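1. Show me the folded form of this:
(one chain, ligands or ions: 1)
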Amino acid sequence: MSVLPEAIETIFQQVKARNPGEDEFHQAVKEVLESLGPVLVKYPEFSDHKIIERICEPERQIIFRVPWQDDRGEVQINRGFRVEFNSALGPYKGGLRFHPSVYLGIIKFLGFEQVFKNALTGMPIGGAKGGADFDPKGRSDAEIMRFCQSFMTELHRHLGEYTDVPAGDIGVGGREIGYLFGQYKRLTNRYESGVLTGKGIGWGGALVRKEATGYGAVYFVREMLRVRNDSLEGKTCVVSGAGNVAIYTIEKLLEMGAKVIACSDSQGVIVHEQGVDLALLKQLKEEERRRIEDYALHHKDARYLPGGNIWDVPCQVAMPSATQNEINGRDARKLVRNGCIAVAEGANMPTTPDGIRVFIEAGIAYGPGKAANAGGVATSALEMQQNASRDSWTFEFTEQKLDDIMTGIHAATWETAEEFGAPGNYVIGANITGFIRVANAMLALGLI
Ligand code: GLU
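-> Have a look, this model is predicted:
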């Protein structure tokens with residue numbers, strides 16, 4: 001990856017100074033800025049109008065108290081966030097994350113990435129992210145509901161189908177979206193379906209949204225392998241995580257004839273050389289909300305490695321689908337040494353800068369999250385389309401649209417990488433394609 005040219009380095013130092021202590025945000029900004037040198041040469045108007053400086057500053061940041069009562073009657077206080085990063089292309093759009101690690105730096109990195117990811121989808125959506133430092137683990141259903149209601153009691157005044165449209169992320173799935181939507185409806189007296197995506201089927205949700213991030217990431221790998229005259233048929237795959245993204249990544253990999261031999265959660269790794277039992281995984285995670293440790297109780301030939309590192313498991317295709325910075329330089333070297341030929345990120349920023357460097361230098365097919373996991377938010381935009389027209393599409397029709405969008409993102413990022421002298425480098429391809437789309441809209445809209 002290129003060293004930052006001087007003007008861009010100055011901007012980056014300003015971003016760091018203005019946002020102290022937000023390491024993940026600095027990392028996400030640096031990764032994009034490193035791609036932009038040749039863009040400023042080609043389009044000097046972006047420098048004249050200080051587009052990079054403006055793009056790095058969120059349009060609005062909301063931080064709020066979320067008080068709620070647990071089942072014992074004790075008062076709990078969490079911190080809620082919504083960072084409305086950029087609305088040049090459409091209403092703010094991006095998920096909510098409920099996880100104890102959440103702080104402003106995490107939400108800003110996610111919001112920043114979302115701006116470019118959403119631009120890559122070609123859909124009319126701006127970028128945002130939100131969440132809370134709330135830990136849903138071990139909480140009862142009633143506690144989750146009270147938390148969601150309190151969270152929305154503040155957030156609702158900032159939302160709207162034309163303003164800001166949240167969805168899920170880590171710790172926020174269909175159940176939470178239901179409670180959030182219920183509270184929004186109650187506070188506003190409006191059945192405004194388009195204000196949240198990832199809703200349940202039957203009350204405004206769209207088919208394929210649940211599967212979309214995982215399915216989309218697999219379509220992206222299919223395309224990366226296709227341009228290398230290869231396919232997923234018979235490939236050995238490892239998918240980190242065991243949440244929504246991982247489950248539907250595994251489902252689509254299996255459909256495409258690949259074999260998945262490992263998955264994980266924050267406590268450990270399951271290695272099942274016979275092939276991961278998807279039905280069991282769904283039962284444990286989606287229905288029973290249990291740890292994957294219990295997988296080994298059902299399959300005696302599966303190994304559970306408490307605290308294990310999933311990237312030690314040899315594979316041809318790796319799909320990090322858990323969380324940020326889960327693959328470091330050492331993991332990346334190990335993957336390459338073990339014969340990995342493709343990596344596609346279902347999670348946001350799962351590979352550290354060192355790890356990315358290893359993949360790029362090794363010349364393997366590496367699909368960064370902004371491109372590879374854009375199918376989730378793209379299908380959210382399809383949900384918004386259906387809500388706006390009070391329509392609901394079939395599974396097949398929606399899935400075809402998702403496939404077309406992912407194939408289109410692959411083609412656009414591939415072509416841009418070539419145009420800017422970095423053939424096969426999807427990091428450069430994704431950053432430049434996304435940036436130019438947002439930058440052109442910002443120029444057209446005047447000084448905003
Ligand atoms: N949280 C998902 C992402 O990282 C989906 C966002 C959405 O659908 O708005 O893109």
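2. give me the number of residues near the residue lying closest to residue 93 once chain neighbours are set aside?
-> Residue nearest to residue 93 in three dimensions, not counting chain neighbours: residue 125, with 3.9 Å by Cβ to Cβ, 6 or more residues apart in numbering. C-betas here are computed from N, CA, C, even on glycine. The criterion is other Cβ atoms under 10 Å. On that basis, residue 125 has 25 neighbouring residues.
3. Quick one: name the residues of the stretch 1-150 of the chain near the ligand.
-> Proximity of the stretch 1-150 of the chain to the ligand (Cβ under 6 Å from any ligand atom) is limited to residues 93-95.
4. Looking at the residues you listed, which is nearest the ligand?
-> residue 95 (2.7 Å; Cβ to the nearest ligand atom).
5. ok, and that closest one, which helix or strand is that part of?
-> strand 92-98 (DSSP states H and E).
6. following that strand, which helix or strand comes up?
-> Following strand 92-98 in sequence, per DSSP H and E, is helix 104-121.
7. what sits against residue 307?
-> Residues near residue 307 by Cβ atoms under 8 Å, 6 or more residues apart in numbering: 267-268.
8. Run through the stretch 251-400 of the chain and note the low-pLDDT ranges.
-> In the predicted model, the stretch 251-400 of the chain carries no residue with pLDDT under 70.
9. Which residue ranges of this protein form strands?
-> Using DSSP state E, the strands of the chain run over 60-69, 75-86, 92-98, 127-132, 164-167, 236-239, 259-265, 268-271, 303-306, 317-319, 342-344, 365-367.
10. okay if I get these as a markdown table plus mean neighbour count?
-> Shown next, in a markdown table, are the strands of the chain (neighbours: other Cβ atoms under 10 Å):
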| stretch | mean neighbour count |
| --- | --- |
| strand 60-69 | 15 |
| strand 75-86 | 21 |
| strand 92-98 | 28 |
| strand 127-132 | 30 |
| strand 164-167 | 25 |
| strand 236-239 | 26 |
| strand 259-265 | 24 |
| strand 268-271 | 22 |
| strand 303-306 | 15 |
| strand 317-319 | 30 |
| strand 342-344 | 27 |
| strand 365-367 | 24 |
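11. Switch these over to CSV; also include distance to residue 393.
-> Shown next, in CSV, are the strands of the chain (distance: least, Cβ to Cβ, whole Å):
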stretch, distance to residue 393
strand 60-69, 33
strand 75-86, 28
strand 92-98, 19
strand 127-132, 25
strand 164-167, 18
strand 236-239, 28
strand 259-265, 29
strand 268-271, 35
strand 303-306, 40
strand 317-319, 27
strand 342-344, 26
strand 365-367, 27
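12. between those, which gets nearest to residue 221?
-> strand 342-344 (4.6 Å; Cβ to Cβ).
13. Contacts for that closest one, please.
-> 217-218, 220-221, 224-225, 316-320, 327, 335, 351, 359, 364-367, 372.
14. What about the ligand: which of these touch it?
-> Among those, no residue is within reach of the ligand (Cβ under 6 Å from any ligand atom).
15. give me the number of residues near the spatially closest residue to residue 45 that is not a sequence neighbour?
-> Sequence neighbours aside, residue 443 is the residue nearest to residue 45 in space, at 6.6 Å (criterion: Cβ to Cβ, 6+ apart). Residue 443 has 16 neighbours, counted by other Cβ under 10 Å.
16. How about residue 337?
-> Using other Cβ under 10 Å, residue 337 has 11 neighbouring residues.
17. Check which residues of the biggest helix by length in the chain are buried.
-> The longest helix of the chain (DSSP state H) is helix 395-419. Within helix 395-419, the residues scored as buried using 16 or more other Cβ atoms under 10 Å are 398-399, 401-403, 405-406, 409-410, 412-414, 416-417.
18. Which neighbouring elements make contact with it?
-> Here helix 395-419 touches helix 104-121, helix 209-226, helix 369-372, helix 374-388, helix 426-444, going by 3 or more Cβ pairs under 8 Å, 6 or more residues apart in numbering; DSSP states H and E.
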